[in-house]
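J.: Structure, please.
(chains A and B)
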Amino acid sequence: MRPVLIMAGREFRDGIRNRRVVGTTLLMAALSLTLALLGSAPTGTVGASALSVTVVSLSSLTIFLVPLIALLISYDAIAGEVDRGTMLLLLSYPVTRWQILAGKFIGHVCILTLATILGYGAAGVAVGIANGAAEQGAAASFVMMLGSSVLLGATFIALGYVISVVVWDPRTAAGVAIGVWLFFVVLYDMALLGLLIADQGKSITPTVLSVMLLANPADIFRLLNLTGFSNISTLSGMAGLSAQVMFGGATLVIALVAWIVVPLSAAGLIFARRQI
Amino acid sequence: MMSASVRLSSVSKQYGPLHAVAGLNLELHEAERVALVGHNGAGKSTLIKLMLGVIRPTEGHIEVLGVEPAHRGFAAVRMAMGFLPENVVFPPSMTGAEVLSFYSRLKHQPVSRNRALLERVGIAEAAGRSVRTYSKGMRQRLGLAQALIGEPRVLLLDEPTTGLDPESRQSFYEIVTELGQRGTTVLLSTHVLAEIEHQVDRVIMLDHGRKVADGTLSDLRRLSGFPTRIRVGLATGVRLHPALLAGMAECRDIDERTVEILCSNARSLDVLRCLLNASVPLAGIEIAPPSLDDVYVDILRRTAAE
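T.: Below you'll find the model as predicted:
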C-alpha cells in the first residue's frame, strides 16, 4: 500500500501544479459562479430555490467539463511516463505496475475531487449567501451532484488510462481522448436520438432505451442528477423521462462504479502485458 | 576473483523476428566498472532492461545478486540496484529535492540523506528550484543522484554522460571510480568511446545483440590488430634506412622530415629500441596507440567478415 500512496501523493502534487488542471478548475469555478448567480436570478415565482436551479445548471456543465478535465489529466498518465523515460525508471524500483496504476488513479481522483469541490463549492456557497435557505432536498441534490461529478470524472480517468496503455504514444493518445470525449458527451446522445426517431418506438422499448443509457457514463450521471429528485426533474424538464427510467439511484451509482472498475481493470491488464 | 553480482547465461531476447539479444553469456563482478559499447540498436538498452527485470528473456537465465528477476525476492534486489535511464525527463513542476524525496521513499530510504547526494553530484544549491529551470547537465546530475539512492551494489547507467560538459563528465567518472572502490558493480552503456579510456576496467562490445568482444582496453587493442602509429621527426638531411625496421613495421614518409611507422601494439617497444640503438638523430617522437574508435570499427569489420 505504501508505494501506492507515494505514487498518489506525487500525482496529486504534480496535478495541482499542472497549468491545464489549474486553468480548467478556474474555468469551472467561473462558469459555475456565472450559472449560479445569473442563472438562478428568475426563480422567485416558480417555487424552486436558487440551489435547485444551480444543480440543474451545474449538472449540464459537469457532463461537458468534468469528462474533459478527467481525460486531460489521464490520457498521458502511462504513455507520457514511458515517453519521458520515467516509467522504465519507476519499474526499476520495488513497485509493481498495478501499484503504479492504483497510485495514479487515487492521485488523479483526488485532484478532480479538489477541482470539483473548489469549482462547484464556490457556486453553492455563493448561492447560499445570496439567496438564503433552500427548499428541502435541494442541499441533498447538490451534494449528490458533487459526489456523482467525482464518480463521472473517475470513469473518464479510467477510460483515459485505457487510451494511454493501448495507444502508447502521448500525441496520438491526446487525439483519441478528444474522440472519446466527443463520442460519449456529444455523439452518443445524438445518435441515440436519431435512432429513436428512425425506429418510431417499434423495437426500442423503454427497457432497451434504459439499457442503452447505462452504456454511457455521461447519461448515467444525467439520469442520476436530473431525475433523482422530484424538484430537480421538474426543473430540468426530465420529469417525463424520470417516470420511464426503470433504475433506482443505487443501481445508477453501481453502474457508474462499474464504469470505473471495468476500464481500470482493463487498463491494468493491458499495462501488465505491455513491453516497455 | 571477486564474486559475480550479475550473471547472464545464454540469454536471448526476441521481439517478433528481431533478435535484440542473442545467446549472451556475461558476468559482472563486485567493484568492477564495465562499459557496454555498441551502436544504436546493438542491444545495450535491452540488456539493461533484462538485468532490471523489466522484461523477461525469451531464453536463458539471469541472476542479479543471486536472484532471478522473475523470483518474488527480486523486490529486495531492486532496493540494492541503481539505474539511470537514457534521456530521463523528471516532472518539470517538481523541485530537485522533491524528485529525490519521491524516489527515496519508494526505496524506503531516509530523505535526510538526499542533501548529501545532491552535494555529491554538485547541484545542492539548485535543490529547491523546479526541474523546469535545470539545464540538461543538471537534469542528468539529478538522475545520477537518484541512481545513487541507498548506495546501490549494482549500478546500471544507460548513456549517462549524454549532455554533460567535459568538467561534469570528469566529475561523473570520479564518482564512478569512487563507487568501484567501495565495491559497487557499475555498468555503463555508451557509444562515445573516447571518454571511457582510463575510466573503466572492462569493455563489452555488442553488435546486433551479440557479444563481439569482452576484455580490458589492452585486450581489445591486441584483439583488433589495429596498428600503433609512431611519428618520428628527423633532423634536417637525415633519412631513415628502409631496412632498419624491415619485418617489424611499415614506414611511410609524411613529408621530408617526418616518417610514420605503423606496427602492432606488441612490437612498438621493439621499434623504439631499434631506432635508439641505430642512433638515428631524432627531432621528435609521437606515439599514438589505436584509438578505441579504431578498435571498435576494426572489431566490427572482423565480426562482419566472419
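
J.: The stretch 51-200 of chain A: helices as residue ranges?
T.: Taking DSSP state H, counting those that start in this stretch as the criterion, the stretch 51-200 of chain A carries its helices at A:79-84, A:86-91, A:97-131, A:138-167, A:170-181, A:188-199.

J.: Pull out the CA atoms of stretch B:254-267 and give them to me as CSV.
T.: This file holds the C-alpha atoms of stretch B:254-267, laid out as CSV (Å, rounded to 0.1, in the frame of the first residue of the first chain):
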residue,chain,number,x,y,z
ILE,B,254,54.7,12.1,-44.4
ASP,B,255,57.0,14.9,-45.5
GLU,B,256,60.7,15.5,-45.9
ARG,B,257,61.3,15.5,-42.1
THR,B,258,58.5,13.2,-40.8
VAL,B,259,58.1,9.4,-41.1
GLU,B,260,55.1,7.5,-39.9
ILE,B,261,55.8,4.0,-38.6
LEU,B,262,52.9,1.5,-38.3
CYS,B,263,53.5,-1.5,-36.1
SER,B,264,51.5,-3.8,-33.9
ASN,B,265,51.0,-2.7,-30.3
ALA,B,266,53.2,-5.5,-29.1
ARG,B,267,56.1,-4.5,-31.4
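
J.: What are the buried residues along it?
T.: By 16 or more other C-beta atoms under 10 Å in any protein chain shown, the buried positions in stretch B:254-267 come out as B:Val259, B:Glu260, B:Ile261, B:Cys263, B:Ser264, B:Asn265, B:Arg267. For glycine as for every other residue, the C-beta is placed from the backbone atoms N, C-alpha and C.

J.: Distance check, the residue of the stretch 201-306 of chain B found nearest chain A against B:Ala20.
T.: Scanning the stretch 201-306 of chain B for proximity to chain A using C-beta to the nearest C-beta identifies B:Gly209 as nearest, at 15.6 Å. According to C-beta to C-beta, to the nearest Å, B:Gly209 and B:Ala20 sit 5 Å apart.

J.: can the strand or helix carrying A:Thr24 be found next to chain B?
T.: Assigned by DSSP states H and E, A:Thr24 belongs to helix A:19-39. No. Using C-beta under 8 Å from any C-beta of the partner chain, helix A:19-39 never reaches chain B; the gap is at least 8.8 Å.

J.: List the buried residues in that helix.
T.: For helix A:19-39, a neighbour-count test (16+ other C-beta under 10 Å) marks A:Val21, A:Thr24, A:Thr25, A:Met28, A:Ala29, A:Leu31, A:Ser32, A:Leu33, A:Leu35, A:Ala36, A:Leu37, A:Gly39 as buried.

J.: what about the closest residue to chain A within the stretch 101-250 of chain B, neighbour count?
T.: Going by C-beta to the nearest C-beta, chain A is nearest to B:Leu106 of the stretch 101-250 of chain B, at 4.6 Å. Around B:Leu106 sit 21 other residues, with neighbours defined as other C-beta atoms under 10 Å in any protein chain shown.

J.: Make sure it is actually in contact with A:Tyr93.
T.: Yes. If you go by C-beta atoms under 8 Å, B:Leu106 and A:Tyr93 touch, sitting 4.6 Å apart.

J.: which neighbours do the two share?
T.: A:Pro3 (C-beta atoms under 8 Å, 6 or more residues apart in numbering or on different chains).

J.: And the closest residue to B:Ser3 other than its chain neighbours, how close does it get to chain A?
T.: Once flanking residues are discounted, B:Ser3 sits nearest to B:Glu30: 5.9 Å by C-beta to C-beta, 6 or more residues apart in numbering or on different chains. Distance of B:Glu30 to chain A, computed by C-beta to the nearest C-beta, to the nearest Å: 20 Å.

J.: follow-up on the earlier one: spit out the residues that contact B:Gly209 and B:Ala20 alike.
T.: Jointly contacting B:Gly209 and B:Ala20 under the rule C-beta under 8 Å, 6+ apart are B:Lys13, B:Gly43, B:Thr46.
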